[in-house]
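Chemist: based on what follows, work out the 3D shape:
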Amino acid sequence: MAELSVLIVNYNSWAECAQAIATLRQHGPTRPDGSPMPCEVIVVDNCSPQKAPQKIELVERELRRFAEQQGDPAAGRLIRHDENGGYSKGMNLAFAHSRGRWILVSNPDVLFSAGLLPALQRHLENDPKAGIVVPKGFWDPVYHGHLPPNTLPTLGDAWGEVLCAYSAGRTRRRAKKFLRRWLAVWQAERPLALPMMSGCLFLVERAYFESIGRFDERYPLYYEDADLSISILRSGRTITQVPDARLVHFVNRSGMSDLETMWARNKVSKERYYDKWYGWLGRLTMKACHWLATNPRFEKWRRVPPEPPYTDLGETDQKPVLQLPRRCERYVVLLSMDMRFFLAAGCFGSGDAWTPSDESFAVFVNANYYFQVYDLSGGEPEHLGTWRYYCQRHLGHSVRPVVEAGAAP
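Modeler: You can find the predicted model right below:
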């Protein structure tokens, strides 16, 4: 019988989900003596609009292979949900069909690497204070790009986010504060207690997960991990990052397949989070912040330019090259799709220029990217410049417009 249950909620991410299961077969869980731990995978599809039979077969084939490897016909299951009740509801449905003592909650767009699960397992088994354990996250398969640690949303964060749209100075100070937090997490070499977890992957013991109420199904998409983090901390347990556990997460592949639904559900979840944890003050804050962020009379005051020095790299399907003003012993490059850098990935380097590796560039999407570089050579981060780059590639394929013959390039 399965001792560990891997729960995955899928939405239009059939190929990514199949790839995740394939890597799980290669790098599965272990018992303390190093022997393989019996495991199962339960995939709940949240009524994906994209239902091409060949894509669904990718997942079903990998689940069959996983069940054969485990010697357990029930170890690989696909549950076709008849509604898209949200991530929380889908994950709770998967949990209801699980059998393991240990529960691994996972997104479909991840890669399981060697040593990932054993590192998480050994820490959770040996640390009675840990409520859940999480890995270090990377957005590329060569572990160059660190994913940003989540920040637990507070009333102050809600106000700070909207007020930064009106002040370049406030934006700069807030980004610097976030950078210091991110550096501490990215560079941690020992287990580190975090204020919030990411729902993309975490390991938890079944009985404890049930005791804190599992996922709150009132959140249709996002903020369920912030909500769960508060429940964990209030229970007296910790959210612990295990440095030896490294996860590749191709962020938001499901969300990119249906942006309109993603943003609509994100708005609902955000309002419910602030209502649940802050009551009338949270509701008032959401209304006031929305008014400040959308009122057309204030639009000209919300046009905060990027922090100088600023370089526009234009639109291209080639890799961006950031030429630094001087050579640095060590620097960090922040990557974000928001010029305010509220949420940014980070890459470390040295020298007088930076460009992504071929493997990292292969996961870039067709979108605007903003970069900031900070020199870390002197200890205190020093801002060296800001760059904008519009990527005309999407997941390794050029989407550059074809210029007709005779037309101006």
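Chemist: how about stretch 337-357 as CSV, C-alpha atoms only?
Modeler: Only the C-alpha atoms of stretch 337-357 are listed here, as CSV (Å, rounded to 0.1, in the frame of the first residue of the first chain):
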residue,chain,number,x,y,z
MET,A,337,7.4,41.0,-15.7
ASP,A,338,6.5,44.0,-13.5
MET,A,339,8.7,47.1,-13.6
ARG,A,340,8.1,47.5,-9.8
PHE,A,341,9.8,44.1,-9.1
PHE,A,342,7.3,43.0,-6.5
LEU,A,343,7.9,39.4,-7.5
ALA,A,344,11.3,38.7,-9.2
ALA,A,345,13.5,35.7,-9.9
GLY,A,346,17.2,36.0,-9.3
CYS,A,347,20.4,34.9,-11.0
PHE,A,348,23.9,35.2,-9.6
GLY,A,349,26.9,36.0,-11.7
SER,A,350,30.2,37.8,-12.0
GLY,A,351,31.9,40.0,-14.6
ASP,A,352,30.7,43.0,-16.6
ALA,A,353,27.7,41.4,-18.5
TRP,A,354,24.9,38.9,-18.2
THR,A,355,22.9,36.8,-20.6
PRO,A,356,20.8,33.7,-19.8
SER,A,357,22.1,30.3,-20.7
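Chemist: what residues sit buried inside that stretch?
Modeler: Buried positions in stretch 337-357, judged by neighbour count with 16 or more other C-beta atoms under 10 Å: 339-349, 354, 356. From N, CA and C alone the C-beta is placed, and that goes for glycine too.
Chemist: now do the contacts for the closest residue to residue 309 other than its chain neighbours.
Modeler: Distances taken as C-beta to C-beta, 6 or more residues apart in numbering place residue 385 nearest to residue 309, at 4.8 Å, with adjacent residues excluded. Residues near residue 385 by C-beta atoms under 8 Å, 6 or more residues apart in numbering: 309, 310, 311, 322, 324, 325, 372, 373.
Chemist: need phi/psi at residue 385.
Modeler: Per-residue torsions, residue 385: phi 170, psi 160 (degrees, to the nearest 10).
Chemist: same question, residue 283
Modeler: Taking degrees, to the nearest 10 as the convention, residue 283 sits at phi -60, psi -40.
Chemist: for residue 249, same thing?
Modeler: With angles defined as degrees, to the nearest 10, residue 249 sits at phi -130, psi 110.
Chemist: how far away is it from residue 23?
Modeler: Counting by C-beta to C-beta, to the nearest Å, the gap from residue 249 to residue 23 is 12 Å.
Chemist: quick one on the thing from earlier: just among the contacts of residue 385, which is most surrounded?
Modeler: Ranked by the number of neighbours (other C-beta atoms under 10 Å), the contacts of residue 385 place residue 372 first, at 26 neighbours.
Chemist: what are the buried residues along the one helix or strand it maps to?
Modeler: Assigned by DSSP states H and E, residue 372 belongs to strand 368-375. Residues 369, 370, 371, 372, 373, 374, 375 are the ones in strand 368-375 that count as buried (16+ other C-beta under 10 Å).
Chemist: just put these in TSV and tack on distance to residue 107.
Modeler: Conversion of the buried residues of strand 368-375 to TSV gives the following (distance: C-beta to C-beta, whole Å):
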residue	distance to residue 107
369	22
370	24
371	25
372	27
373	29
374	29
375	34
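Chemist: specify which member of those residues is nearest to residue 273.
Modeler: residue 370 (26.4 Å; C-beta to C-beta).
Chemist: and which of the buried residues of stretch 337-357 is nearest to residue 192?
Modeler: Nearest to residue 192, judged by C-beta to C-beta, of these is residue 346 at 15.7 Å.
Chemist: follow-up on the earlier one: who are the packing partners of the strand holding residue 372?
Modeler: Using 3 or more C-beta pairs under 8 Å, 6 or more residues apart in numbering; DSSP states H and E, the elements in contact with strand 368-375 are strand 322-336, strand 382-391.
Chemist: and those as a markdown table, adding mean pLDDT and distance to residue 4?
Modeler: Formatted as a markdown table, the helices and strands packed on strand 368-375 follow (pLDDT from 0 to 100; distance: least, C-beta to C-beta, whole Å):
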| stretch | mean pLDDT | distance to residue 4 |
| --- | --- | --- |
| strand 322-336 | 96 | 34 |
| strand 382-391 | 94 | 38 |
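Chemist: tell me which of the ones you listed sits nearest to residue 5.
Modeler: Among those, strand 322-336 sits nearest to residue 5 (C-beta to C-beta), with 34.0 Å.
Chemist: average pLDDT for the next helix or strand after that closest one, rounded please.
Modeler: Under the assignment DSSP H and E, the closest C-terminal helix or strand after strand 322-336 is strand 345-354. Taken as a whole, strand 345-354 has an average pLDDT of 96.
Chemist: now do the buried residues in the very next helix or strand once past strand 345-354.
Modeler: Toward the C-terminus, strand 345-354 is succeeded by helix 358-361 as the next helix or strand (DSSP H and E). Neighbour-count burial for helix 358-361, counted by 16+ other C-beta under 10 Å, picks out 360, 361.
Chemist: cool, and stretch 381-392?
Modeler: By 16+ other C-beta under 10 Å, the buried positions in stretch 381-392 come out as 381, 383, 384, 385, 386, 387, 388, 389, 391, 392.
Chemist: can you say which helix or strand has the residue positioned nearest the centre of the chain in it?
Modeler: The residue lying closest to the centre of the chain (C-alpha atoms, centre = their mean) is residue 251, at 5.0 Å. Assignment of secondary structure by DSSP H and E places residue 251 within no helix or strand.
Chemist: am I right that it is in contact with residue 108?
Modeler: No - in this structure, residue 251 is not within contact of residue 108 by C-beta atoms under 8 Å, at 12.0 Å.
Chemist: low-confidence ranges in the stretch 51-200 of the chain?
Modeler: Nowhere does the stretch 51-200 of the chain drop to pLDDT under 70.
Chemist: the same query, at a cut-off of 80, please.
Modeler: 168-169, 171-172, 199 (pLDDT under 80).
Chemist: which parts of it are helices?
Modeler: 53-70, 87-96, 116-126, 155-163, 168-186 (DSSP state H, counting those that start in this stretch).
Chemist: CA atoms only for the first one, dumped as CSV, please.
Modeler: Okay, so that is helix 53-70. Provided in CSV are the C-alpha atoms of helix 53-70 (Å, rounded to 0.1, in the frame of the first residue of the first chain):
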residue,chain,number,x,y,z
PRO,A,53,-7.1,12.9,-26.8
GLN,A,54,-3.4,12.6,-27.6
LYS,A,55,-2.5,15.1,-24.8
ILE,A,56,-4.6,13.2,-22.3
GLU,A,57,-3.0,10.0,-23.3
LEU,A,58,0.4,11.4,-22.4
VAL,A,59,-0.7,11.6,-18.7
GLU,A,60,-2.6,8.3,-18.8
ARG,A,61,0.4,6.5,-20.2
GLU,A,62,2.8,7.9,-17.6
LEU,A,63,0.3,6.9,-14.8
ARG,A,64,0.2,3.4,-16.2
ARG,A,65,4.0,3.2,-16.2
PHE,A,66,4.1,4.5,-12.7
ALA,A,67,1.5,2.0,-11.4
GLU,A,68,3.5,-0.8,-13.2
GLN,A,69,6.7,0.4,-11.5
GLN,A,70,5.0,0.3,-8.1
